[in-house]
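Next comes the sequence, and after it the predicted model I'd like to discuss.
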Amino acid sequence: MSDDQTPYPIEPDTGDNRPGYFARQKMKRQLKLQMKQQSSKPPMREKRKNKSSNGSVLAALSGLFTVFLVIAIITAASWLGVKQVFEVKNDKQEAALFQVKLGDNLTKVSERLEADNLISSQDFYRLLVAWEGNDTRLKAGEYKIPAHATMRDIMNIFVEGQSIQHKITLAEGLSTAMILEKIKKAPLLVGEITQKPAEGALMPETYLFQSGTKRDVIIQQMMEAQKSFITNLWDTRAKDLPLENIEQVVVLASIVEKETGLAKERPEVAAVFINRIKQKMKLQSDPTIIYGITKGAYKLGRSLKKSEIKAKTDYNTYVIKGLPPTPIANPGRASILAVLNPANVDYLYFVADGTGGHVFAKTYKQHQKNVKKWRKIEKNSKKK
């Protein structure tokens, strides 16, 4: 082979200037690689669009947050301002009385408070009470509002029920008619009396009440107090007590109540009547005769006549045997206790001793001597 010979044949010149076979394959591979790289990248225009959209959302959220923040700040500032109003003291230099009437709602109470210059604004007061959840917790009653009280002070007074307590004292030994009359005339109680308690069914003592309390409420309290008191003590009664039930205890206790005003001698007076019942003797109690005449509606105001002592009536224990049909008054606690557990004595008689008390005797003979002493004392007192 000569030096001018080539190892491969040379393609003839056909006038075609296209790249050769291997060159074209290489160009194809480069083109495919470029297309693949371009397809994996997002278009520049789209990128700009997404950035613009995200920016708009963030701007909107930021604006809303700013609005909410401003509203929250304004609300908090307003509430703090309102709360300061709640704590402002009124101009009252002295304590004032104010009554929350039964059935009053928050609006009525607020209006009257403002009218009495106890608060500066009924609207703010209603807002305070409602916000604290106390709009249905204001208790009826008569209240003492201290000088320079704030709205909050007044609200707390009403909610806690710090009302003025009034008293009504109903003495032992009064008849039911007399007690009802006293309750009827009590100026701070309200309402008609519709209760009809039986004679002896009320517990005489001092009762506390708020101005505007209904009269029937006091009467109901008196009945419940007596029933509860006796019921709780019934099982503690003396074992040989000759009384069958609580009703008989009240009847005898009413007689003891009317016979003596001294608490210390009631167990002895009760013992006298208990001993007489055991021996089937007549009770011979003057107050029973008097009740048969007056029925507890008024005080007799005079001595008994001989004809009245001999008269056959349901309440004349000089004539009838045993207890009268009903109590003759409303006995107090001491008289009830005395009947349930009388003194352990053998007395069958007693008579006044001129000092407000009584002298007791076991026999009729000794009793007659005591009666003579009493007659003498009585006669001398009339001369004076």
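Yep, it's here. Keep in mind it's a predicted model, so treat the numbers as computed, not measured.

Only C-alpha atoms from now on, for both contacts and neighbour counts.
Fine.

any idea which element residue 267 lies in?
helix 266-278 (DSSP states H and E).

quick one: average confidence on that helix?
Per-residue pLDDT over helix 266-278 has a mean of 98.

Please apply the same query to stretch 126-144.
On average, stretch 126-144 scores 89.

returning to that earlier point: next structured bit after the helix holding residue 267?
Next along the chain after helix 266-278, taking DSSP H and E as the criterion, comes helix 286-294.

Just give me how far that next one sits from the chain centre.
On the basis of CA atoms, centre = their mean, to the nearest Å, helix 286-294 sits 41 Å off its chain's mean C-alpha point.

for that helix, which positions count as buried?
Within helix 286-294, the residues that count as buried by 16 or more other CA atoms under 10 Å are 286, 287, 288, 289, 290, 291, 292, 293.

How about the second one: what's its closest non-neighbour residue?
Yep, that's residue 287 we're talking about. Among residues not flanking residue 287 along the chain, residue 258 sits closest, at 6.3 Å (CA to CA, 6 or more residues apart in numbering).

For that neighbour, give me its contacts.
Going by CA atoms under 8 Å, 6 or more residues apart in numbering, residue 258 touches 173, 287, 329.

mind listing what the first one touches?
Residues touching residue 173, when contacts are defined by CA under 8 Å, 6+ apart, comprise 204, 254, 257, 258, 329, 330, 331, 332.

Repeat that for the second one.
For residue 287, the contacting residues are 255, 258, 259, 328, taking CA under 8 Å, 6+ apart as the criterion.

ok, of those residues, which one's closest to residue 191?
For the contacts of residue 287, the residue nearest residue 191 by CA to CA is residue 328; the value is 27.4 Å.

Pull up the pairing partners for whatever helix or strand residue 351 lives in, direction included.
Assigning secondary structure by DSSP H and E places residue 351 in strand 349-352. Sheet pairing here is set by DSSP bridges, and for strand 349-352 it gives strand 358-361 (antiparallel).

List of residues touching the strand it pairs with?
Contact partners of strand 358-361, identified using CA under 8 Å, 6+ apart, comprise 347, 348, 349, 350, 351, 352, 353, 367, 370.

Can you tell me which of those residues has the most neighbours?
Highest neighbour count within the contacts of strand 358-361, by other CA atoms under 10 Å: residue 349, with 24 neighbours.

give me the number of residues near the nearest residue to residue 231 once chain neighbours are set aside?
Among residues not flanking residue 231 along the chain, residue 246 sits closest, at 7.7 Å (CA to CA, 6+ apart). When neighbours are defined as other CA under 10 Å, residue 246 has 15 of them.

Equivalent analysis for residue 236, please.
Neighbours of residue 236 using other CA under 10 Å come to 12.

which residues sit in contact with it?
So residue 236 contacts residue 340 (CA under 8 Å, 6+ apart).

Next one: it from residue 196, what distance?
Separation of residue 236 from residue 196 (CA to CA, to the nearest Å): 30 Å.

where's the residue lying closest to residue 352 once chain neighbours are set aside relative to residue 269, distance?
Spatial nearest neighbour of residue 352, chain neighbours left out: residue 358 (4.3 Å); criterion: CA to CA, 6+ apart. Between residue 358 and residue 269 the computed distance is 9 Å (CA to CA).

Which of those two has more residues huddled nearby?
For residue 358 versus residue 269, neighbours defined as other CA under 10 Å are more numerous around residue 269 (27 against 19).

my guess is the more buried one contacts residue 256, does it?
Yes. Using CA atoms under 8 Å, residue 269 makes contact with residue 256 at a distance of 6.4 Å.

those strands in this protein, which residues are they?
For the chain, the strands defined by DSSP state E cover 96-100, 141-145, 165-169, 206-210, 349-352, 358-361.

Could you export those strands to CSV, including columns for distance to residue 121?
Shown next, in CSV, are those (distance: least, CA to CA, whole Å):
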stretch, distance to residue 121
strand 96-100, 17
strand 141-145, 17
strand 165-169, 29
strand 206-210, 27
strand 349-352, 68
strand 358-361, 67
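
so what's the closest residue to residue 295 other than its chain neighbours up against?
Nearest residue to residue 295, sequence neighbours excluded (CA to CA, 6+ apart): residue 328, at 7.8 Å. By CA under 8 Å, 6+ apart, the residues touching residue 328 are 175, 199, 200, 251, 254, 255, 287, 288, 291, 295, 296.

Please repeat the previous calculation with a cut-off of 10 Å.
By CA atoms under 10 Å, 6 or more residues apart in numbering, the contact set of residue 328 is 173-176, 199-200, 250-255, 257-258, 287-292, 295-296, 315.

Equivalent analysis for residue 337, please.
By CA under 10 Å, 6+ apart, residue 337 lies in contact with 229, 230, 233, 234, 236, 237, 249, 253, 266, 267, 270.

Now, of these, which are buried?
By 16+ other CA under 10 Å, the contacts of residue 337 give 230, 249, 253, 266, 267, 270 as buried.

Residue 232: neighbour count?
Neighbour tally, residue 232, other CA under 10 Å: 9.

Check the gap between it and residue 349 for me.
Relative to residue 349, residue 232 is positioned 31 Å away (CA to CA).

Tell me the pLDDT of the closest residue to residue 363 other than its chain neighbours.
Excluding the flanking residues, the one nearest residue 363 by CA to CA, 6+ apart is residue 348, at 6.9 Å. pLDDT for residue 348: 97.

and if you look at the one 4 residues further on?
Predicted confidence (pLDDT) for residue 352: 92.

wait, doesn't it sit right on residue 265?
No. Counting by CA atoms under 10 Å, residue 352 stays clear of residue 265, with 11.9 Å between them.
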